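>>> fold the following, please.
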Amino acid sequence: MYWIPRFYRSVAFKLEKDHAYAKYGVWWVKEKRVPYNLVSEVRLRHGPLQRSLGLACVDIYTPATGAVRPELTFFQLDSDEAEKVASELRFRVGILSSKERRVIEEEILEELKSIKRILESLVRKEG
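Numbering: from 1, shown residues only. Below is the predicted model of the structure:
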């Protein structure tokens, strides 16, 4: 009963200017920094017990660890806060959601179509 509150008071998670940061531990303090340019994937994870308690984890993966285990985990965050953290982290890393990717793809397609129309009109003028 003594150790658990001390452990959770020791936990500190931050999204800093150029890296994600975590520090936690009572006797053995762990401190990790993961630069945004090394992040390959960000996952939001919550099991049945976490969902019932309104908690979630944000897992941060790098190519060094692969998809086997995360390099860094922001654990037991409030579900809403975890979604905000994951979204902000994806934004800082440059990982687009499927909706954002779709919008950009549509903009690129429209730009390509307009370029095609211009080129076709130039060909007609020359011919």
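
>>> and the longest helix seen in the chain, how far from the chain's centre?
Secondary structure of the chain per DSSP state H: the longest helix is helix 98-126. Centroid separation for helix 98-126 versus its chain: 30 Å, with Cα atoms, centre = their mean, to the nearest Å.

>>> for stretch 117-127, same thing?
Its chain's average C-alpha position is 45 Å from that of stretch 117-127, according to Cα atoms, centre = their mean.

>>> again, but for stretch 34-52
On Cα atoms, centre = their mean, the centre of stretch 34-52 falls 7 Å from the chain's centre.

>>> can you mark which positions in it are buried?
Under the neighbour-count criterion of 16 or more other Cβ atoms under 10 Å, stretch 34-52 has 34, 36, 39, 41, 42, 44, 46, 50 buried. C-beta coordinates here come from the backbone N, C-alpha and C atoms, glycine included.

>>> which member of these is positioned nearest residue 92?
residue 36 (5.2 Å; Cβ to Cβ).

>>> so that closest one sits against residue 95, correct?
No. Counting by Cβ atoms under 8 Å, residue 36 sits too far from residue 95 to count as a contact (10.0 Å).
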